[in-house]
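1. Kindly return the folded structure for what I paste below:
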Amino acid sequence: MGKHKERIAVAKITIVGAGPGSPEYITPIARRTVQKAQLVIGAERALNMLQSDIKGEKLALTAKNVNELLQHAIISAKEGKTVVLLSTGDPGFSGLLGTFLSLTQARSVEIEVIPGVSALQVCAARLCMCWDDAYLFSFHKGADNEKKAELLEAAKKGKDIILLPDPKSFPPAEIAKFLTDNGVDGKTPVFVCENLTLNNERIISSTLEEISTMSFSSLCILALRSSYKQGAKQ
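-> Reported below is the predicted structural model:
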């Protein structure tokens, strides 16, 4: 008798970008995808933004339950449920896609990604900044020495930089202090964009020297400019 291969159920998961914060920046396809889902998993902020579109079950994702809920998403998808994972901003930049890919290595999972508007895009737009040549950094998963060295090298070369600070271990003030302590000119122009697209949005135009003594919201982006360009909103 021939051997029968065990059939492995394929989990189909859709990861949807929920935009930078304002519901106005959520794309129509993101809303349609969420409306069709039987299970929606995401951070409380993302779930609230899409509350009116969620028709099925919803589960709030936290730092403590992320692995548990992503495993639950896979199991639910293998059972035939339509599952959506919400990622604030765009899933592919410091978003849920990287976390999910790390968890699902060697698993039978089919992933679809619906991109979203990232806070980095909004930051560049607010500053009238072309960012195709800018250096992009995210410190949301920690600030190791290797990544800090890469940031320092880019800053010393006078490159335009857009980065996501870590609000706890590497906030804007610490970033500014690190750069100036290691030879970057304290007069380097810096913009800090807080709470982008929200009612309390604020854009601060300053320098590394001044930023090193200031505090900002956890929802902020820092941009270093090689040369100040007129037209930026302040």
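
2. got the contact list for the residue nearest to residue 131 when sequence neighbours are not counted?
-> Among residues not flanking residue 131 along the chain, residue 124 sits closest, at 4.2 Å (Cβ to Cβ, 6 or more residues apart in numbering). For the C-beta atoms, the positions are set from N, CA and C on the backbone; glycine is no exception. Contact criterion Cβ atoms under 8 Å, 6 or more residues apart in numbering gives 130-131, 134, 162, 223 as the residues in contact with residue 124.

3. now, which of those residues sits nearest residue 180?
-> Minimum distance to residue 180 across the contacts of residue 124 is 16.5 Å, recorded for residue 223 (Cβ to Cβ).

4. Now the phi/psi pair for the closest one, please.
-> Torsion angles at residue 223 (phi, psi; degrees, to the nearest 10) stand at phi -130, psi 130.

5. Grab the nearest non-local neighbour of it.
-> Nearest non-adjacent residue to residue 223, counting by Cβ to Cβ, 6+ apart: residue 191, 4.5 Å away.

6. residues in contact with the one you found?
-> Taking Cβ under 8 Å, 6+ apart as the criterion, residue 191 is in contact with 123, 127, 203-206, 222-223, 225, 232.

7. again, 7 Å this time
-> Shown in contact with residue 191 (Cβ atoms under 7 Å, 6 or more residues apart in numbering): 127, 203-205, 223, 232.

8. likewise residue 119?
-> Residue 119 touches 20, 89, 196, 221, counting by Cβ under 7 Å, 6+ apart.

9. Got phi/psi on it?
-> phi -60, psi -30.

10. and it, how far is that from residue 222?
-> Separation of residue 119 from residue 222 (Cβ to Cβ, to the nearest Å): 11 Å.

11. Pull out the buried positions in the helix or strand of the chain with the lowest mean pLDDT.
-> Every helix and strand of the chain was ranked by mean pLDDT, DSSP states H and E. The lowest is helix 96-103, at a mean of 92. For helix 96-103, burial by neighbour count (16 or more other Cβ atoms under 10 Å) applies to 96-97, 99-100.

12. For the strand or helix carrying residue 151, give me every contacting residue.
-> Taking DSSP states H and E as the criterion, residue 151 maps to helix 145-156. Here helix 145-156 makes contact (Cβ under 7 Å, 6+ apart) with 135, 137, 139, 161, 178-179, 182-184, 224.
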